[in-house]
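# no sequence for this one, just the structure:
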């Protein structure tokens, strides 16, 4: 008898396209099944197909009651999924300055053109560098943000030199990232970055005209100057030394194919199609600039199809947003994308040392400060990391992000891959615990997961790409 001494483990389900149901187990394993088979599983019907039965056991939907080995394997799988968020804060963001020469319509940090009060002090910079090594994580990413941190290159250089020297004692694996417009980049900087294996990240919205409208500067040649910086970086640091992402505004919606084609023309091997985040100036302009959720998902699907088209033509191009979701769906090891963690990656996975001398649990929470809201500060730079992460605020962030306790999440088929985002919820509703299904975060990712799973079910071509992308980052 199939179900004798066999336990039915918790699982969630959702109706998808083609009359199929997606079922997901506690480990994040999944299967597409018919309505009839769903009823048989729930009822423990002995007429269930043997091949499906064995498949369900291998994916932790079913378990023999005395299977000690299977229980250990289950515990191991659950630990692997949470290991990146529970092994120590690995992403450390230092906001060197919010000075920037751009006047981006969707700016999230309320950039400034000048003023020492908008730049981190040398004392706080070095204190932040010391705090980084208080993390228990063996692998650390130190990311310099702004504004444009290269406007204060001397401070970036000071921090990298200091961390490198200090790491002789700690022997951590450290990766340096500088997020920049590339406009300030020089050969001298490249020489230093090459010595320390620094990678660069920038923003390119696709077409030159679109980029210049979204990201204007005084001389109206923002795109051209970005491309000049890109070419210099590739010449001095290598072809893959710069990654880029784009922000989707209403101006982008008519150009999904053209934006993807622009990235191909520039020789990029990946593109991150992301929605507009309504923080800082962007929040004030969001009604004018931001697409609706339906508009963004329509744009995203068209752009993703164009990425698939280029892969079909032999040009290997990864859509990073899809790759992040597919990693959570297909890999036993989670890469730790901060926005899709339960408990939240804010604080546990990411810490921000801001130019104002304070520490914040995420990039988004420090952006709230620029609109006058300082309620998401963890403490001052220089305070022990252990105290920052045991603060009442951090405890509230963790409690607010536990999806199995959330009525909106507990029965969702995407429970193993997602979690409430208390920072964006607070930005939207001024509470970290609104009904999760009403948040923009939930609506956006419900739509994206629907899209990815339906494509995975229906397209053999996409399944092949998906299994490559899931392990690509």
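Yep, it's here. All values reported here derive from a predicted model rather than from experimental measurement.

# how about the strands of the stretch 251-400 of the chain, start to end?
Applying DSSP state E, counting those that start in this stretch to the stretch 251-400 of the chain gives strands spanning 270-275, 318-319, 350-353, 358-360, 379-380.

# Quick one: closest of the ones you listed to residue 201.
strand 270-275 (9.7 Å; Cβ to Cβ). Heads up, the C-betas are built off the backbone N, CA and C, glycines and all.

# so what's the spatially closest residue to residue 388 that is not a sequence neighbour up against?
Excluding the flanking residues, the one nearest residue 388 by Cβ to Cβ, 6 or more residues apart in numbering is residue 378, at 4.5 Å. With contact taken as Cβ atoms under 8 Å, 6 or more residues apart in numbering, residue 378 is in contact with 347, 351, 358, 359, 360, 361, 388, 389, 391, 393, 394.

# re the thing from before, could you dump the strands of the stretch 251-400 of the chain to TSV with distance to residue 4?
Putting the strands of the stretch 251-400 of the chain into TSV (distance: least, Cβ to Cβ, whole Å) gives the following:
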stretch	distance to residue 4
strand 270-275	49
strand 318-319	46
strand 350-353	48
strand 358-360	55
strand 379-380	57
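
# among those strands, which is nearest residue 26?
Comparing these by Cβ to Cβ, strand 350-353 comes nearest, at 25.7 Å.

# hmm, who's touching that closest one?
With contact meaning Cβ under 8 Å, 6+ apart, strand 350-353 is reached by 89-95, 120, 124, 128, 131, 135, 338, 359-363, 365-366, 378, 381, 385, 388.

# What ranges does the stretch 51-200 of the chain have for its helices?
68-86, 122-132, 153-170, 187-195 (DSSP state H, counting those that start in this stretch).

# Determine which stretch of those helices is the most buried.
The highest mean neighbour count among the helices of the stretch 51-200 of the chain, using mean count of other Cβ atoms under 10 Å, belongs to helix 122-132: a mean of 19.

# How about residues contacting that helix?
With contact meaning Cβ under 8 Å, 6+ apart, helix 122-132 is reached by 92, 94, 96, 120, 140, 142, 155, 158-159, 162-163, 166, 351, 353, 357, 359, 381-382, 384-385.

# With stretch 32-40 instead?
Residues from elsewhere that reach stretch 32-40, judged by Cβ under 8 Å, 6+ apart: 13, 16, 19-23, 41, 45, 47-49, 52, 457.

# Can you tell me which of those residues end up in helices?
41, 52, 457 (DSSP state H).

# List of residues touching stretch 259-276?
By Cβ under 8 Å, 6+ apart, the surrounding residues in contact with stretch 259-276 are 106, 204-207, 210, 227, 230, 239-240, 243-249, 252, 282, 286, 289-291, 296, 299-300, 303-304, 306-307, 310, 315-321, 323, 444.

# From the contacts of helix 122-132, keep the buried residues only.
92, 94, 96, 120, 140, 142, 155, 158-159, 163, 166, 351, 353, 359, 381, 385 (16 or more other Cβ atoms under 10 Å).

# Now render the contacts of stretch 32-40 as TSV, adding pLDDT, distance to residue 150 and neighbour count.
Shown next, in TSV, are those (pLDDT from 0 to 100; distance: Cβ to Cβ, whole Å; neighbours: other Cβ atoms under 10 Å):
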residue	pLDDT	distance to residue 150	neighbour count
13	98	50	19
16	97	46	17
19	91	54	8
20	96	50	20
21	98	51	19
22	98	45	22
23	98	49	21
41	96	57	22
45	95	64	13
47	95	66	9
48	96	61	19
49	95	60	12
52	96	56	16
457	96	45	16
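
# thinking again about what came up before, separation between the residue nearest to residue 388 and residue 437?
Distance from residue 378 to residue 437, counting by Cβ to Cβ, to the nearest Å: 28 Å.

# Averaged over its residues, which helix or strand of the protein has the lowest pLDDT?
helix 281-289 (a mean of 61; mean pLDDT, DSSP states H and E).

# How is the chain divided into domains?
Per the record, the chain has its domains at 6-76, 88-369, by automatic domain parsing.

# low pLDDT regions in the protein?
101-115, 216-218, 278-287, 473 (pLDDT under 70).

# most centrally placed residue in it?
residue 337 (4.1 Å; Cα atoms, centre = their mean).

# List phi and psi for that one.
Dihedral angles of residue 337 (phi, psi; degrees, to the nearest 10) stand at phi -60, psi 120.

# Leaving out chain neighbours, which residue sits closest to it?
That would be residue 324: by Cβ to Cβ, 6+ apart, it lies 4.8 Å from residue 337.
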